[in-house]
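S.K.: Coordinates for the following, if possible.
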Amino acid sequence: MKNTLRTLIADLKCLDVPIEMLTDRTDLYAVGLTSLSSVQILLEMEREFDISVPDSMLTYELFASIDSLAAAVAELQRAKGAPPTHEAGEADRARVEAVAVAAPATGR
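M.R.: Residues are numbered from 1 along each chain as shown. As a prediction, the model looks like this:
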């Protein structure tokens, strides 16, 4: 799933650095992600993974890193009943919970 997200982001050419230079935890905003490019990523992510991201998940934190995007996709696939495209672990669940909890507090 993370490789698919990396390809999707690379194809959009929305960052100031090559995708190969990023770790899964790199702050995407720090390397050029804008609000417009986050919408482009959202649309492509929904299409690619056949998911619908609810408004309640549309937070700054969702687009913060490849890890946070992958965790959200995995959570939405589980909620939809679709088999996730990778084995979700405790770290993924913790990230999704952190995004859900942080969203109301940040006001972004």
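S.K.: Give me the most central residue, this structure.
M.R.: Residue closest to the average C-alpha location in the chain (C-alpha atoms, centre = their mean): residue 69, at 1.4 Å.
S.K.: Please tell me I have it right and it contacts residue 8.
M.R.: No. With contact defined as C-beta atoms under 8 Å, residue 69 does not reach residue 8; the gap is 9.1 Å. (Each C-beta comes from the backbone N, C-alpha and C, glycine too.)
S.K.: Pull up the overlap in contacts between those two.
M.R.: The contact sets of residue 69 and residue 8 overlap at 41, 45 (C-beta atoms under 8 Å, 6 or more residues apart in numbering).
S.K.: mind checking how far the residue nearest to the centre of the chain is from residue 11?
M.R.: To residue 11, residue 69 is 14 Å away according to C-beta to C-beta, to the nearest Å.
S.K.: again, but for residue 28
M.R.: 15 Å.
S.K.: If you count surrounding residues, which of these two has more?
M.R.: Each of residue 28 and residue 11 has its neighbours counted (other C-beta atoms under 10 Å); residue 28 has more, 21 against 11.
S.K.: Would you confirm that that one contacts residue 67?
M.R.: No. Assessed by C-beta under 8 Å, residue 28 is found out of contact with residue 67, at 10.2 Å.
S.K.: what about the closest residue to residue 49 other than its chain neighbours, which SS state?
M.R.: Distance criterion C-beta to C-beta, 6 or more residues apart in numbering; nearest residue to residue 49, sequence neighbours excluded, is residue 73 at 5.1 Å. Of the three states, residue 73 takes helix according to DSSP: H, G, I helix; E, B strand; the rest coil.
S.K.: you'd agree residue 73 is up against residue 47?
M.R.: No. With contact defined as C-beta under 8 Å, residue 73 does not count as touching residue 47 (11.9 Å).
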